[in-house]
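# coords please:
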Amino acid sequence: MIKDGTEIELDQFPWSILIKATFKNGNDLSLFSCGGSLISRLYVLTAAHCVFRPGDTLVGIDITLIEYDENCVEIERKPNCADSVLLQVEKVVHHPGFNDEKLLHDIALIKLQEYTIARYITPVCLPKIDVDHLHLVNLPLVVAGWKRNGPHLTPLCSRPYW
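Here you go, the predicted structure:
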């Protein structure tokens, strides 16, 4: 994983989800990849534009998590020490006010059929703070995403977001 061109800890984003959605429009199929966050044992939070396209039908969705071999993190960084965990989806719900053109209400929830929590796959831990407090107004945020690292897809931290 990489942040600003340097390697980060393998287990830094254990809630990072890769979403591959397949849409059908007439006889045409298209694949769209997106990111999401595991927010509980059964739910993924993502953007509505990842799972809904006006005029298209969502015909399939794959949810991928990464589980690291314990030796990968604690002993050495081996290139093939991570396994993909593929989860099945039970239901997808996007905000009813989602506007694709203006990206308004661009939020969706994906309910998983079963959950997978392991040492290096855990839901995001949200602090109990008042996000409207004035001292947090200019706090930079970190955007996490996915990239291809050779034959493997790996979560990465792309950049701080202001």
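# tell me where the model's unsure across the chain.
Low-confidence segments of the chain (pLDDT under 70): 1-11, 67-83, 116-120, 142-162.
# let's see 90
1-18, 32-35, 40-41, 54, 63-88, 100-101, 103, 114-162 (pLDDT under 90).
# okay, strands next: where are they in it?
Secondary structure of the chain (DSSP state E): strands located at 2-3, 6-7, 16-25, 28-38, 43-46, 57-68, 82-87, 89-94, 108-112, 141-149, 152-161.
# strands paired with the fifth one, and their directions?
Based on DSSP bridges, the pairing partners of strand 43-46 within the sheet are strand 28-38 (antiparallel), strand 108-112 (antiparallel).
# ok, residues contacting the longest one?
Defining contact as Cβ atoms under 8 Å, 6 or more residues apart in numbering, one finds that strand 28-38 is touched by 15-23, 44-47, 49-51, 53, 56, 59, 63, 65, 110, 121-124, 144-146. C-beta: built from backbone N, CA, C; applies to glycine.
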